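Enquirer: how would this look folded up:
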Amino acid sequence: MKKTLSILSAAALALSVSVLGFAGCAPQPPEEQPAEGQAVIFHTNDTHGYLQESEEDGIIGIARVAALKEQTEGALLVDAGDATQGLPVASLTQGADVIDLFNLAGYDAMALGNHEFDFGTENLLQNVRRADFPMLAANVYDGDEPLLAGVQEGSDGCSVILESGGLQVGIFALTTADTRTSTNPVLVGDLDFRSEIETAKEQIDALEAAGADAVVALCHMGNSDATCTSVDLAEAMTGEYEGRLDAIIDGHSHTTENGEVNGVLIAQTGTGLTQVGKMTLTAEDGEVTVEEELLSYEDVASVQPSAAVAEKLAEIEASQEDLLGEKVGDIDFTLWAGQIGEIAMTRAVETNFGDFAADAVRSAAEQFAAEAGIDAPVVAAENGGGIRAAIPYGEVTVGSLVSAFPFSNTIFVKQVTPKILYEVMEVSGSLLDGQDENGMLLQTAISGGFLQVSGFTVRFDPSAGEGEHKVVSITLDGESQPLDRDDDTRAILMASNNFIMSGGNNYTMLASLPKLGEPGGELEVMRAYFEDCLASGSLADYARPQGRIRMDGGSYTPKDYTATLLVERDGQPLADAEVSYILDGGAAVAARTDGQGYLRITVADGAHSVRLAGGTREVYIDNYLGIGLVEDALRTYPVLR
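Expert: Got it, this is the predicted structure:
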């Protein structure tokens, strides 16, 4: 990462300092004199409301993040997006409380993530006005002007120059153009998401002209399934732009990144504040070098959290307690969603929570159809990315449901044909890319658009090649013959949330279809169905997935598999010990751990919940995701305690 550096003249520097945090945009001719110094940037991304410290879950917490900045002289603090939606602390006030916390924590800049748009553009702009720091998105336009231009006094809504350690650090922000589909298209349909690469080049030119000694892209693009990833951006820095972009601070893909591509350091902290990035830019002899540390909970555990931020967070949580604490019922198993490590299961395979959610949507749609006098089969789908958190064994509260369904979506009902339904499911399975002899899926990317379904069974062939159908067959419940792939006449009612039905996650074939009705809000539908299941005693039907999404359309034949789990007591492996475990809420089974504390159990094909007898903490195993089968960069053996 080599670049020729310069410092601002004394007059220009004074001008820049007077507007640090917002402007620094007026070009000033730099002197030909190398800058010397060291800037430190702490960074977060995809916090999604995970702001409260949790040692058990490894969540650092915003109060400790604030303290890291406070205790590091001259340090900057930035966020790469998806902060204002997620857990109730974020979603109940549509991001306002998060902005207040970010203000108090001393954030210096933030990029817009796709989920900053989830509550509509006007709400987004209200949050931007509420912020004491620049919120940026250089490639998002409303007409001929950047969306955020002038929304905050002194800010062009695209970039900022901030001083740290004697260096003028130019920061510009990019939001993935895939926001057109990864956020409800109705909410962003009037906006123009321009080329990330071309916008980056324009911003680099402008920031250098304004006297930036180093240039950092604050991105919400990710390194997985975005049309333009941060890797693509780094690789595009060729020719006259080679060596002029020093680093990319990224978000969106929820991955851990710390590596160099084409001379550009790319860093990302994963999700949920389980890590904080510390980027150090050093200027010496006309050259900028960049180093990155990804700090875990253990790395910063000795840092005393900011008392002011902790107090504010406690105040916000207390104000929400009455609503969130309202009990809905109890379950004696876990409804699985969210993430295990870096694997988000509802985005790749059928889960029991996916079945429940899709059934809830279908139930509401069936009631609507009955009241409207429509006689047609009813199917439903819920995008895996729309189920944000698991509901663990035990008490279920309103807060549990809000955490799982934070988007304030509305259920839409539309009429489709078998042909359209096949097209929908082809999109759902589009990232499937192979399967091994144990059934484990081999694709390297997953999508929030993977659908959990109700009212039909779909068979996929994950190994189907390019140009071949991933969907082998779709069979409606109660029918023995699959639907005809080419049937464009039979009427089927399909229900899903407005995000999917408006073309989100590339379901464009649904966007233009006329809406027949809205059976209710997503959260309200989920709660009503949960209460109905409790009353009818049918909740136990969801103890494990029901086999609606089958990955046996190719060479794989479903069969039993042996899962490996580590049993611990007091933090240590429980070796050569008799234990009893419960599988999917059934009867206790006696077993014995080996000399290293591992328990091996043979189970039927698919996902299962396991806990120790007498305990309530469950773990998830699934041969399709390899959880319980292998340990690698993405997976570790589940731990029973």
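
Enquirer: how near is Gln152 to Met110?
Expert: 11 Å (CB to CB, to the nearest Å). C-betas here are computed from N, CA, C, even on glycine.

Enquirer: Neighbour count: these two, which is higher?
Expert: Met110 (29 against 22; other CB atoms under 10 Å).

Enquirer: which parts of stretch 194-209 are buried?
Expert: Arg194, Glu196, Ile197, Thr199, Ala200, Lys201, Glu202, Gln203, Ile204, Ala206, Leu207, Glu208 (16 or more other CB atoms under 10 Å).

Enquirer: My error: substitute stretch 123-140 in the last question.
Expert: 123-128, 130-131, 133-140.

Enquirer: swap in stretch 634-641?
Expert: For stretch 634-641, by 16+ other CB under 10 Å, it's Arg635, Tyr637, Pro638, Leu640.

Enquirer: nearest spatial neighbour of the last one, skipping sequence neighbours?
Expert: If the residues on either side of it in the chain are set aside, Leu640 comes closest to Val567, at 4.8 Å by CB to CB, 6 or more residues apart in numbering.

Enquirer: Was I right to think the one you found contacts Asp576?
Expert: No. Using CB atoms under 8 Å, Val567 makes no contact with Asp576, being 10.7 Å away.

Enquirer: so where do the helices sit in the stretch 151-300 of the chain?
Expert: Under the criterion DSSP state H, counting those that start in this stretch, helices of the stretch 151-300 of the chain are mapped to 179-182, 185-188, 196-209, 230-235, 297-300.

Enquirer: For the fourth one, name the packing helices and strands.
Expert: Spelled out, that is helix 230-235. helix 196-209, strand 214-220, strand 247-249, strand 256-261, strand 264-269 (3 or more CB pairs under 8 Å, 6 or more residues apart in numbering; DSSP states H and E).

Enquirer: and of the ones you listed, who's closest to Leu162?
Expert: With CB to CB as the measure, strand 214-220 is the member of the helices and strands packed on helix 230-235 nearest Leu162 (9.5 Å).

Enquirer: ok so, going back, spit out the residues that contact Val567 and Asp576 alike.
Expert: Thr593 (CB atoms under 8 Å, 6 or more residues apart in numbering).

Enquirer: Settle it for me: which of those two has more neighbours?
Expert: Val567 (23 against 10).

Enquirer: Now that one: which helix or strand?
Expert: Applying DSSP states H and E as the criterion places Val567 in strand 561-569.

Enquirer: Strand partners (parallel or antiparallel) of that strand?
Expert: strand 572-573 (antiparallel), strand 598-603 (antiparallel), strand 639-640 (parallel) (DSSP bridges).

Enquirer: Go ahead and name everything in contact with that strand.
Expert: Under CB under 8 Å, 6+ apart, the answer for strand 561-569 is 438-439, 573-574, 577, 579, 593, 597-603, 605, 608, 610, 612, 619, 621, 623, 628-629, 637-641.

Enquirer: how about a cut-off of 6 Å?
Expert: Contact partners of strand 561-569, identified using CB atoms under 6 Å, 6 or more residues apart in numbering, comprise 438, 574, 579, 593, 597-602, 621, 623, 628, 637-641.

Enquirer: same deal with stretch 170-182?
Expert: Here stretch 170-182 has contacts from 109, 111-112, 114, 136-140, 158-161, 193, 196, 203, 207, 212, 215-216, 218-221, 226-227, 252, 504-506, using CB under 6 Å, 6+ apart.
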